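Colleague: Build the 3D model from these lines:
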Amino acid sequence: MSQQPHIRFDFADGLRGLAMLAVVLFHYTQIFWQRRDRIAEVMHLPPLDGYHGASFVLPFNLGAVGVGLFLLISGLLIPLSLTRMGAARFAVSRLFRIYPTYWAGLALSVLALWLAARLPGGAFDVTRADVLGHVSIAFQDWLGGRNIDPVMWTLKVELWFYAMLGTVFALTGRRIKWAIWLLLPLVAWLTRFAPVNNLQTIVCYFPLMFAGCWLYFYRTGQAGRLETVAHFIALLALFVWVTNWGSIELYASYGIGIALFIAGALWPRLVAAPLLTRVASVSYAWYVCHSLAGYAILFALAQYGTPWWLMVAIALAATWYLAVAINRLVELPTQKIGKRLADKLK
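Modeller: Purely as a prediction, here's the structure:
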């Protein structure tokens, strides 16, 4: 136990950087061009015309690859934080780690919608109810309001995962495996047997995150190889059962993310590139600000007939530097505040 605070999974940084690149490229090079009506609805702009043949046509969903990686990485790292800090300190630390940076990204997203409304045919249609739901994000489905930024659904999954696992972890006397085993029947009931509820589309991702937890157990000597492989496979099967999607392509895309996670864990040098580590260092800030701001930039550049590849490059660069600014001005300072407050609970 005395060595536990020094445990690190350095390969997770490279995987996180890879996941972030997959997500942002999915939004800028695939969905923006392939789902024009949906993007126009989100941005309150007329659908983009022209640019036939633009986008990367791939046989898999880059976004699902990235999301799968993100969720597995959370499953790997959260047990480390919980067992090291305890539930109360973990909660304080996470609140300061998640919300201030998210609010900065939300403010930027609303500003992007306001600026996009100045483009031909645009309209600004963000209400107080919309903003209130997004400010809380974890309780958005209960508070109501329109979904301003559809990308933020993954943040709801993360927050409820932290809350539910942390709560049961505390109730079981800091027994992390017990907490997971107790949550599994609840996940199954909520997703497959309970009446339609707002938690169904959130907790259905928990089995995938729990699969990541078992790599943590293996690496820390709390599970043998056979137990780890058996639980990993069983939890992936449970993930397929509780999600119950009708798309083989979507499962295959998540499968690519799972394969990359395993490869990164087995051969860390594969994801040790400095670029991936640098992207990982600002990945959360980039995640919360890239979507609507990037779409607004792409729409604006399209007004001038900019080549699509140049539009993507400019959107990538612009949102990257916005993310760097949020990371330096908001994320890092508020993380330090959260750490100091959490330390007072020792």
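Colleague: for the chain, which spans come out with low pLDDT?
Modeller: 1-6 (pLDDT under 70).
Colleague: And the helix or strand where V240 lies, how far out from the chain middle?
Modeller: Using DSSP states H and E, V240 sits within helix 225-243. Chain-centre distance of helix 225-243: 21 Å, with CA atoms, centre = their mean, to the nearest Å.
Colleague: what does stretch 283-297 give?
Modeller: The answer for stretch 283-297 is 12 Å, by CA atoms, centre = their mean.
Colleague: buried set for it?
Modeller: Residues 283-297 are the ones in stretch 283-297 that count as buried (16 or more other CB atoms under 10 Å). Every residue, glycine included, has its C-beta placed from N, CA and C.
Colleague: okay, the angle between the helix or strand following the helix holding V240 and helix 225-243?
Modeller: Using DSSP H and E, the helix or strand that follows helix 225-243 towards the C-terminus is helix 248-266. Inter-element angle recorded for helix 248-266 and helix 225-243: 160 degrees (by axes from the mean of the first three to the mean of the last three CA atoms, to 10 degrees).
Colleague: Give me the packing partners of the helix or strand following helix 248-266, helices and strands only.
Modeller: Using DSSP H and E, the helix or strand that follows helix 248-266 in sequence is helix 274-281. Contacts defined by 3 or more CB pairs under 8 Å, 6 or more residues apart in numbering; DSSP states H and E place helix 274-281 against helix 11-26.
Colleague: Name the residues that touch the helix it packs on?
Modeller: 56, 61-63, 65-67, 69-70, 73, 76-77, 257, 260-261, 264-265, 268, 270-273, 275-281, 283, 286-287, 290, 294, 316, 319 (CB atoms under 8 Å, 6 or more residues apart in numbering).
Colleague: Quick check: next helix or strand after that helix?
Modeller: Assigned by DSSP H and E, the successor of helix 11-26 is helix 32-34.
Colleague: Show me what counts as buried in the helix or strand just after that next one.
Modeller: Next along the chain after helix 32-34, taking DSSP H and E as the criterion, comes helix 36-43. The neighbour-count check on helix 36-43 (16+ other CB under 10 Å) flags 39-40, 42-43 as buried.
Colleague: now swap in stretch 86-100 and tell me
Modeller: Buried-residue list, stretch 86-100, by 16+ other CB under 10 Å: 86-87, 89-100.
Colleague: Export these to CSV and append columns for secondary structure and distance to A112.
Modeller: Output for the buried residues of stretch 86-100, formatted as CSV (DSSP: H, G, I helix; E, B strand; the rest coil; distance: CB to CB, whole Å):
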residue, secondary structure, distance to A112
G86, coil, 39
A87, helix, 36
R89, helix, 35
F90, helix, 33
A91, helix, 31
V92, helix, 31
S93, helix, 29
R94, helix, 27
L95, helix, 25
F96, helix, 25
R97, helix, 24
I98, helix, 21
Y99, helix, 20
P100, helix, 19
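Colleague: Next, format those as JSON lines and append distance to W33.
Modeller: Shown next, in JSON lines, are the buried residues of stretch 86-100 (distance: CB to CB, whole Å):
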{"residue": "G86", "distance to W33": "47"}
{"residue": "A87", "distance to W33": "44"}
{"residue": "R89", "distance to W33": "45"}
{"residue": "F90", "distance to W33": "41"}
{"residue": "A91", "distance to W33": "41"}
{"residue": "V92", "distance to W33": "42"}
{"residue": "S93", "distance to W33": "39"}
{"residue": "R94", "distance to W33": "36"}
{"residue": "L95", "distance to W33": "37"}
{"residue": "F96", "distance to W33": "37"}
{"residue": "R97", "distance to W33": "34"}
{"residue": "I98", "distance to W33": "31"}
{"residue": "Y99", "distance to W33": "33"}
{"residue": "P100", "distance to W33": "33"}
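Colleague: re the thing from before, of the contacts of helix 11-26, buried ones?
Modeller: Among the contacts of helix 11-26, the ones that count as buried by 16+ other CB under 10 Å are 61-63, 65-67, 69-70, 73, 76-77, 257, 260-261, 264-265, 268, 270-271, 276, 279-281, 283, 286-287, 290, 294, 316, 319.
Colleague: Next, the residue nearest the centre of the chain: phi, psi?
Modeller: By CA atoms, centre = their mean, the chain has its centre lying nearest to T154, at 4.5 Å. With angles defined as degrees, to the nearest 10, T154 sits at phi -70, psi -30.
Colleague: That one contacts L69, doesn't it?
Modeller: No - if you go by CB atoms under 8 Å, T154 and L69 don't touch, sitting 11.3 Å apart.
Colleague: Which helix or strand contains the closest residue to M311 other than its chain neighbours?
Modeller: The shortest distance from M311 to any non-neighbouring residue, by CB to CB, 6 or more residues apart in numbering, is to L301 (4.4 Å). Secondary structure from DSSP H and E places L301 in helix 283-302.
Colleague: now for that helix, which elements pack on it?
Modeller: helix 11-26, helix 32-34, helix 36-43, helix 87-116, helix 308-326.
Colleague: For those, give me JSON lines that also has distance to W241.
Modeller: Shown next, in JSON lines, are the helices and strands packed on helix 283-302 (distance: least, CB to CB, whole Å):
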{"stretch": "helix 11-26", "distance to W241": "24"}
{"stretch": "helix 32-34", "distance to W241": "29"}
{"stretch": "helix 36-43", "distance to W241": "28"}
{"stretch": "helix 87-116", "distance to W241": "29"}
{"stretch": "helix 308-326", "distance to W241": "36"}
